[in-house]
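Participant: mind folding the following:
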Amino acid sequence: MSEASLLPSSGVLLEVSAQAPAPSKDFHQFIISSRNTIWRTWNITLRNDYRRLNPTESKQPIEDFAYDERLQFDVRRVFGLNTLEYAKNLCMGKIDYFARLPMPLLIYLVSFLELEDVAALAQTSKQFYEVCNNDSLWERIYEIHCDTMTDEMKSLAEQIGWKKMFFTNKLQLQVQLRRHQQRINSPDGDKHDSDTFITD
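Facilitator: Modelled structure (predicted):
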């Protein structure tokens, strides 16, 4: 897989939109493409609706962003310091290709991390939070760390989730499996106990 294939076909490296902090009501959009940065502003007042207004737009070559203190100030004011630093890196050609890998490949790679590293990675971004809590990831982790995998265990995991399954100790797991099997065999029976699952 080449680096170019990891970039979006549209050429857009970053696109964020948000309303400016109070007291401003203006709405802003910031785009970084492979060639340019684009800053759009919808001026919001009590007398108009931004959806009916054309935005003002400032467009410049991507390499100029490093010298545009005004635009950097606006990006930080509206989107925060993390977005500003990320934008600077993009404009200097420092593209995080790891974050752009397909989800199945990310899950495969993350599954080899230590559990504390998975927890730390989940705190770095919304994308990695989703990766690190993906059920397919925890199914792989379960397969790597656990010796036995039965059809009954798979059936229970589909119901309560593989992450919860992984963090359930063996004794609790046996109880859960027994209750789950009883509910399968007697779907009209008492479901009270089987609905109580172990939390993370």
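Participant: right, and V78 touches H28 too?
Facilitator: Yes: counting by Cβ atoms under 8 Å, V78 touches H28, with 4.9 Å between them. In this view, the C-beta of every residue, glycine as well, is placed from N, C-alpha and C.
Participant: okay, the two: which has more neighbours?
Facilitator: V78 (23 against 20; other Cβ atoms under 10 Å).
Participant: list the contacts for that one?
Facilitator: Residues in contact with V78 (Cβ atoms under 8 Å, 6 or more residues apart in numbering) are 18-21, 28, 30.
Participant: can you give me the helices for the protein?
Facilitator: 69-79, 81-91, 103-110, 115-121, 126-132, 135-145, 151-160, 162-166, 170-185 (DSSP state H).
Participant: who does the third one touch, helix- and strand-wise?
Facilitator: Contacts defined by 3 or more Cβ pairs under 8 Å, 6 or more residues apart in numbering; DSSP states H and E place helix 103-110 against helix 126-132, helix 135-145.
Participant: hmm, try it at 6 Å
Facilitator: helix 135-145 (3 or more Cβ pairs under 6 Å, 6 or more residues apart in numbering; DSSP states H and E).
Participant: likewise for the fourth one?
Facilitator: With contacts taken as 3+ Cβ pairs under 6 Å, 6+ apart, helix 115-121 sits against helix 126-132.
Participant: quick one: the spatially most central residue of the chain from Q60, how far?
Facilitator: By Cα atoms, centre = their mean, the chain has its centre lying nearest to Q127, at 1.9 Å. Q127 is 28 Å from Q60, where distance means Cβ to Cβ, to the nearest Å.
Participant: okay, now the unreliable bits of this protein?
Facilitator: Residue ranges of the chain with pLDDT under 70: 1-10, 46-53, 169-174, 187-200.
Participant: circling back: in PyMOL, select just the buried ones from the contacts of V78.
Facilitator: Burial among these is assessed by 16 or more other Cβ atoms under 10 Å; the matching PyMOL selection reads:
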select buried, resi 20+28+30
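Participant: distance to M165 added to the contacts of V78, as JSON lines?
Facilitator: Putting these into JSON lines (distance: Cβ to Cβ, whole Å) gives the following:
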{"residue": "A18", "distance to M165": "38"}
{"residue": "Q19", "distance to M165": "41"}
{"residue": "A20", "distance to M165": "45"}
{"residue": "P21", "distance to M165": "43"}
{"residue": "H28", "distance to M165": "44"}
{"residue": "F30", "distance to M165": "41"}
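Participant: where does the record place the domain boundaries for this protein?
Facilitator: As assigned by automatic domain parsing, the chain contains the domains 4-99, 101-145, 149-200.
Participant: please identify the deepest-packed of the helices of the chain.
Facilitator: Greatest average neighbour count among the helices of the chain goes to helix 162-166 (a mean of 20), per mean count of other Cβ atoms under 10 Å.
Participant: dump the C-alpha coordinates for that helix into PDB.
Facilitator: The C-alpha trace of helix 162-166 is given here as PDB (Å, rounded to 0.1, in the frame of the first residue of the first chain):
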ATOM      1  CA  TRP A 162     -16.200  -9.200  23.300                       C
ATOM      2  CA  LYS A 163     -14.600  -6.600  25.500                       C
ATOM      3  CA  LYS A 164     -17.000  -7.400  28.400                       C
ATOM      4  CA  MET A 165     -16.300 -11.100  27.700                       C
ATOM      5  CA  PHE A 166     -12.600 -10.500  27.900                       C
END
